[in-house]
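Undergrad: Predicted model follows, preceded by the sequence.
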2 protein chains.
Amino acid sequence: MKKLINKPENVVKEELEGMALSYAGMIKVNLEPKFVYRADAPVQGKVALISGGGSGHEPMHGGFVGKGMLDAACAGEVFTSPTPDQMLEAAKKVNGGAGILYIVKNYTGDVMNFEMAADLARAEGMKVQNILIDDDVAVKDSLWTAGRRGVGATVIAEKIAGAGAEKGYDLGKVADLCRKVNANGRSMGLALTSCTVPAAGKPTFELGDDEIEMGIGIHGEPGRTRMKIKSADELTEMMALSIIEDGDYSRTVHEWDDKKGDWVDVTLVNKALKEGDQVIAFVNGMGGTPNIELQIIYRKLHEVCGKKGLKIVRNLVGSYITSLEMQGCSITLVRADQEMVELWDAPVKTPGLRWGI
Amino acid sequence: MKKLINKPENVVKEELEGMALSYAGMIKVNLEPKFVYRADAPVQGKVALISGGGSGHEPMHGGFVGKGMLDAACAGEVFTSPTPDQMLEAAKKVNGGAGILYIVKNYTGDVMNFEMAADLARAEGMKVQNILIDDDVAVKDSLWTAGRRGVGATVIAEKIAGAGAEKGYDLGKVADLCRKVNANGRSMGLALTSCTVPAAGKPTFELGDDEIEMGIGIHGEPGRTRMKIKSADELTEMMALSIIEDGDYSRTVHEWDDKKGDWVDVTLVNKALKEGDQVIAFVNGMGGTPNIELQIIYRKLHEVCGKKGLKIVRNLVGSYITSLEMQGCSITLVRADQEMVELWDAPVKTPGLRWGI
């Protein structure tokens, strides 16, 4: 294992210490327990958005903390869910009195811990909603997941819901926005190489010199198929069509019902994309992929979307939800209405995304 | 070779086509000859900044085209200098009547071609100055270089000189600013892995499983020494001290003398950093390095600078001048006075750097 680290067990702590220094003024860092929060938190009267998950996906989530996006992000160890006490302490720190929205990628550990944290926060008098992100069309169930995994749509959801909260939307409306992004978002990724978790010291999986894993998870979980590498255009078309030709997807998720005062099962439907839809298109690098390759993928994605009658109204190209140094990429398409586009365009000032401020 | 590309010979063209689509509104792309330019070019009355070099260092330089930074960037093939006709056509496209500043990294091909382009542009009635960037303390001469190589300080120079031009500084003053950044900037890098040039199809060099190259060039040129990997803290300290303890550096460069109407030799001195200096600190990823590692490096750099009495007044952490998918990093320190800091803070809107707009 060749990495620019000190002791594997200190990677997350030292990364957060680095962030506290490099982004001072924008964010602050709490080390025990670990979370990143807005330097100006709590913002009174604003719904507070909190996300989190295993580390190793930077800039997500800590890099999305700041004005117009998240209020706090809880960093677990690499590829390991943060714990409820992190999520609870983050909520206490950023609570502005208008409620807490936990944005949760659909992995079993994260879902369970964020539910527990929500119960704890409610016990302390906060209003809390949890919204799941489960946009990865690659596999139905996965190594660490019941249902689809949460991947690229998380970035879009955090931006759009964050802009809504900044505008003064109440908790119900911010939760609706976040749910809407997820209900309209789909992703598919591939890997050229594995990543190496520092504590493991060896690659998560092995790929031949001419092989790729199509449908890879952001922790190196198996995808749909291992195959010989093809041209960027062919691979882009495969990923894009997996998303575009994916049918309606319905599943039951756990959400908090404030009236009932209990968790309830809610059936949600993600409707298939169709000709004429407007989308936000996101080409994401997995951490070890040069920009030059991401632009080649975007070029082809633009063509495929055009042929399928999808209009790209906004785009994001870069490495925003990564898997350490993995080489590979993912594509996310989110059907977006005018409100979502306006919220996408709203000012944001975070380490990872910044415009308009 | 596993890459997300189509034919190696089309990599640069297709990347530029991708950029034209993903950053429409911010930049435009000319394909024959190849250059990226500001969507609103020419800006009348403003000095036009043009840079360029081999591709493979993205987001530099095309990703730094936009309001507050470059007016145009000429993309050569991967790791190959662009040609004088690209530079001339770019100058004609963005010429706003106040002169052209060519910002040139010190590599033999780039220097020669940008001088030829300057002569051609002058023949067409434009005022032109060429400023060299040669900030890499690693080696005195190199594979493709007489004198020190131009690396990380280029990013800082393009930002600060770009802000000066945007403010309405004249050609002499913008050239002075750019020269000043270079005269106060020093860099040092290392590689954990090689990169693979698409047209070559195999790694530029080989490193053992526990080896790094200290002092690496951005094209994979040899550095100072090949050594066993050490901890991030030890490697950061080595890089930082290489920069901080580097003495005064004097060299003779070619600059255009408008009064004499000829190229003249000018001796420039880069004065060693000293206790009490204020610096802009830049930790750069080489393309395949995760953010998490760059933050661990910044954490230690901050400590080393503190111990040496250097005050970091601004910082930049991320992958901005890359070597395709190389894993590794570089550190750049630029001694900065108040004017430079204010220009660093000025609004910028480019694909690669964006704030305040």
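TA: Received it, and whenever you're ready, just let me know what you need.
Undergrad: so which residue of the stretch 51-200 of chain A comes closest to chain B?
TA: In the stretch 51-200 of chain A, the residue that lies nearest chain B is residue A:58 (3.9 Å; C-beta to the nearest C-beta). No exception for glycine: its C-beta is placed from N, CA and C like everyone else's.
Undergrad: so residue A:305 makes contact with residue A:281?
TA: Yes - using C-beta atoms under 8 Å, residue A:305 is in contact with residue A:281, at 6.6 Å.
Undergrad: Would you mind listing the residues touching both of these two?
TA: Shared contacts of residue A:305 and residue A:281 (C-beta atoms under 8 Å, 6 or more residues apart in numbering or on different chains): A:312, A:333.
Undergrad: thinking again about what came up before, tell me the secondary structure of the residue of the stretch 51-200 of chain A closest to chain B, please.
TA: At residue A:58, secondary structure determined by DSSP: H, G, I helix; E, B strand; the rest coil is coil.
Undergrad: Kindly provide the distance from residue A:211 to residue A:144.
TA: Between residue A:211 and residue A:144 the distance is 23 Å, computed by C-beta to C-beta, to the nearest Å.
Undergrad: now swap in residue A:169 and tell me
TA: In terms of C-beta to C-beta, residue A:169 sits 32 Å off from residue A:144.
Undergrad: now swap in residue A:175 and tell me
TA: Remark: distance between residue A:175 and residue A:144 (C-beta to C-beta) = 24 Å.
Undergrad: The two: which has the busier surroundings?
TA: Taking neighbours as other C-beta atoms under 10 Å in any protein chain shown, residue A:175 and residue A:144 compare with residue A:175 leading, 24 against 17.
Undergrad: Could you break chain A into its assigned domains?
TA: With domains defined by automatic domain parsing, chain A comprises A:33-184+A:248-271, A:187-244+A:274-335.
Undergrad: I'd like to know which of the ones you listed is closest to residue B:186.
TA: domain A:187-244+A:274-335 (25.6 Å; C-beta to C-beta).
Undergrad: Can you get me the start-to-end distance on that closest one?
TA: 12 Å (C-alpha to C-alpha, to the nearest Å).
Undergrad: So which bits of the stretch 101-250 of chain A are right by chain B?
TA: A:192-193, A:209-210, A:212, A:229, A:231-233, A:235 (C-beta under 8 Å from any C-beta of the partner chain).
Undergrad: Neighbour-wise, which one of these leads?
TA: Within these, most neighbours by other C-beta under 10 Å means residue A:193, with 25 neighbours.
Undergrad: That one: what's it in contact with?
TA: Contacts of residue A:193 (C-beta under 8 Å, 6+ apart): A:203, A:207, A:288, A:325-328, B:2.
Undergrad: Now, of these, which are buried?
TA: A:207, A:288, A:325-328, B:2 (16 or more other C-beta atoms under 10 Å in any protein chain shown).
Undergrad: can you list these in JSON lines and add distance to residue A:117, secondary structure and pLDDT?
TA: As requested, the buried ones among the contacts of residue A:193 are arranged in JSON lines below (distance: C-beta to C-beta, whole Å; DSSP: H, G, I helix; E, B strand; the rest coil; pLDDT from 0 to 100):
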{"residue": "A:207", "distance to residue A:117": "36", "secondary structure": "coil", "pLDDT": "95"}
{"residue": "A:288", "distance to residue A:117": "32", "secondary structure": "coil", "pLDDT": "97"}
{"residue": "A:325", "distance to residue A:117": "30", "secondary structure": "coil", "pLDDT": "97"}
{"residue": "A:326", "distance to residue A:117": "29", "secondary structure": "coil", "pLDDT": "98"}
{"residue": "A:327", "distance to residue A:117": "34", "secondary structure": "coil", "pLDDT": "98"}
{"residue": "A:328", "distance to residue A:117": "31", "secondary structure": "strand", "pLDDT": "98"}
{"residue": "B:2", "distance to residue A:117": "40", "secondary structure": "coil", "pLDDT": "95"}
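Undergrad: how would you label the nearest residue to residue A:42 once chain neighbours are set aside: helix, strand or coil?
TA: Setting aside the residues directly before and after it, residue A:42 is nearest to residue A:96 in space (C-beta to C-beta, 6 or more residues apart in numbering or on different chains), at 4.3 Å. When classified by three-state DSSP, residue A:96 comes out as coil.
Undergrad: With the one 5 residues further on instead?
TA: For residue A:101, the assignment made with three-state DSSP gives strand.
Undergrad: wait, it sits on residue A:47?
TA: Yes - with contact defined as C-beta under 8 Å, residue A:101 reaches residue A:47; the gap is 5.9 Å.
Undergrad: shared neighbours, these two?
TA: Shared contacts of residue A:101 and residue A:47, counting by C-beta under 8 Å, 6+ apart, come down to A:165, A:171, A:174.
Undergrad: how about those in TSV, adding distance to residue B:65?
TA: Output for the shared contacts of residue A:101 and residue A:47, formatted as TSV (distance: C-beta to C-beta, whole Å):
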residue	distance to residue B:65
A:165	33
A:171	42
A:174	36
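Undergrad: so of those residues, which ones are in helices?
TA: A:165, A:171, A:174 (DSSP state H).
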